[in-house]
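Enquirer: The sequence isn't on hand, but the structure is:
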């Protein structure tokens, strides 16, 4: 069997790895239009993770993936993985709605607790006239998820790439997919086949470097998947959404805050989520903070790159009210990338679009967090297996992430 995986980001490379792991005799080729693996959105990820969700499927996807990464690091491969925790700062209304959810999760034995706001955070901002005019609210409490943290996305990707290549996999970079090879299931020997009335299957890809024939093609093309699938005639509820990250040096008071590990003992503060959707991600190895905002912007690719105005007018005014040590600070670096967002339920789609054509995309910002599990599902589906075995031996149906599924809604949205 020959499989072409289109896309060498974390989902594509992990899928390629698991295809070779499960079926060593299969010929697996991964192609990417970039000059190397992970040069798209994977390398621009903020790369934070958590394993606690109310949805069982979300918990399985995240927990088994993180447990796999943990096992890799335990065996001596440094993924810069730190369980610094997730700390969500909640106002009075949010705290009220979260109490039953936290109680339910704690009853399941999961490590989630209400804690006081950490040092350096100004909990009462409504004393400030400007903060009141901005509609900011006081922090009532924090919700701490302990089985959560940060890692290096490029190190995770390199692990999959190296293992895949060692097993005999092949990667072709700098090659763009431009179409699919369709072939009739019952060829009649007539030029131009397959015709509209013929049953067909996908038999490979057309690329800028020529055709590559295959028995199966997997689209793991991230933010490009929705538009790409549409041009190929397949409708998917996937849209690109721009995300930006601003790096600020941890100097003075901010340095003390960065390395305050009193909540988790992991060498740094937790991944912090402030009101209004602003997050502060510690980067202790570099002595920086990575700061971003989950803004509700229009879907689609944008001509401009990093927007200085997002920092100046969207992030800084709120950030400096809740963490006064950021007053007067500016980013020394910034970058942007795209989520491949599933606009229906924000959970990845792994499905068969046609005979010989599969998709693994729509991770909605959880690609690193759930990549190993998603890849195992994709590999099982391509290989015709009824169930996918996740890390640790848990099995789920291979069609669990099909596009027409009906999922339990997630209630722990941070």
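Expert: Perfect, I can see it now. Nothing here was measured: the structure is a model prediction, and the numbers come from that model. Numbers count the residues shown, from 1 in each chain.

Enquirer: Only C-alpha atoms from now on, for both contacts and neighbour counts.
Expert: Will do.

Enquirer: Could you chop the chain up by domain?
Expert: Domains of the chain are assigned by automatic domain parsing as 2-51+154-237+344-397, 86-145+240-340.

Enquirer: which one of these lies closest to residue 58?
Expert: Across these, residue 58 has its closest neighbour in domain 2-51+154-237+344-397 (8.0 Å, CA to CA).

Enquirer: What is the end-to-end distance of the closest one?
Expert: 23 Å (CA to CA, to the nearest Å).

Enquirer: and it, how far from the chain's centre?
Expert: How far domain 2-51+154-237+344-397 lies from its chain's middle: 16 Å, per CA atoms, centre = their mean, to the nearest Å.

Enquirer: For it, what does the pLDDT average out to?
Expert: Averaged across domain 2-51+154-237+344-397, the pLDDT comes to 97.

Enquirer: moving C-terminal of the strand of greatest length in the chain, what's the next helix or strand?
Expert: With DSSP state E setting the assignment, residue counts place strand 238-249 as the longest strand in the chain. Per DSSP states H and E, the first helix or strand lying C-terminal to strand 238-249 is helix 253-258.

Enquirer: which other residues reach that following helix?
Expert: Contact with helix 253-258 is made by 119, 120, 250, 268, 269, 282, 284, 287, 288, 289, 325, 326, as judged by CA atoms under 8 Å, 6 or more residues apart in numbering.

Enquirer: repeat for stretch 266-276
Expert: The contact list for stretch 266-276 (CA under 8 Å, 6+ apart) reads 48, 82-91, 136-137, 149-150, 257-264, 279-282, 284, 318-319, 322, 414.

Enquirer: do the same with stretch 329-337
Expert: Under CA under 8 Å, 6+ apart, the answer for stretch 329-337 is 40-41, 44-45, 242-249, 305-306.

Enquirer: Give the PyMOL command for selecting the buried subset of the residues you listed.
Expert: Here is the PyMOL command that picks out the buried ones among the contacts of stretch 329-337, judged by 16 or more other CA atoms under 10 Å:
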select buried, resi 40+41+44+45+242+243+244+245+246+247+248+249+306
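
Enquirer: Let me have the contacts of stretch 329-337 in CSV, extended by distance to residue 162.
Expert: Formatted as CSV, the contacts of stretch 329-337 follow (distance: CA to CA, whole Å):
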residue, distance to residue 162
40, 18
41, 19
44, 20
45, 20
242, 29
243, 28
244, 29
245, 28
246, 30
247, 29
248, 32
249, 33
305, 31
306, 32
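
Enquirer: and residue 167, how far is that from residue 27?
Expert: For residue 167, the distance to residue 27 (CA to CA) stands at 10 Å.

Enquirer: List the residues that are in contact with both of these two.
Expert: In contact with both residue 167 and residue 27: residue 20, using CA under 8 Å, 6+ apart.

Enquirer: quick one, which of those two is more surrounded?
Expert: More neighbours surround residue 27 than the other of residue 167 and residue 27, with 18 against 13 (other CA atoms under 10 Å).

Enquirer: Please enumerate the helices of this structure.
Expert: Secondary structure of the chain (DSSP state H): helices located at 10-22, 56-74, 92-107, 129-133, 153-166, 225-231, 253-258, 308-309, 316-322, 367-382.

Enquirer: now the fifth one against helix 367-382, angle please.
Expert: It refers to helix 153-166. In terms of direction (axes from the mean of the first three to the mean of the last three CA atoms, to 10 degrees), helix 153-166 departs from helix 367-382 by 30 degrees.

Enquirer: What is helix 153-166 packed up against?
Expert: In terms of contacts (3 or more CA pairs under 8 Å, 6 or more residues apart in numbering; DSSP states H and E), helix 153-166 is packed against helix 10-22.

Enquirer: how near is the nearest residue to residue 36 once chain neighbours are set aside to residue 5?
Expert: In this structure, residue 36 finds its nearest non-sequential neighbour in residue 173, 5.6 Å apart by CA to CA, 6 or more residues apart in numbering. Relative to residue 5, residue 173 is positioned 12 Å away (criterion: CA to CA).

Enquirer: what's the answer for residue 116, then?
Expert: 47 Å.

Enquirer: is it possible to export the helices of the chain to CSV including mean neighbour count and distance to residue 390?
Expert: What follows is the helices of the chain, written out as CSV (neighbours: other CA atoms under 10 Å; distance: least, CA to CA, whole Å):
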stretch, mean neighbour count, distance to residue 390
helix 10-22, 27, 11
helix 56-74, 19, 6
helix 92-107, 14, 22
helix 129-133, 13, 47
helix 153-166, 19, 16
helix 225-231, 18, 24
helix 253-258, 18, 35
helix 308-309, 12, 42
helix 316-322, 20, 39
helix 367-382, 26, 6
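
Enquirer: on that earlier part again, the contacts of stretch 329-337: which two are farthest apart?
Expert: Taking CA to CA, the two most distant members of the contacts of stretch 329-337 are 40 and 249; they sit 24.9 Å apart.

Enquirer: mind listing what the most centrally placed residue in the chain touches?
Expert: Nearest to the mean C-alpha position of the chain, by CA atoms, centre = their mean, lies residue 367 at 2.2 Å. Going by CA under 8 Å, 6+ apart, residue 367 touches 10, 11.
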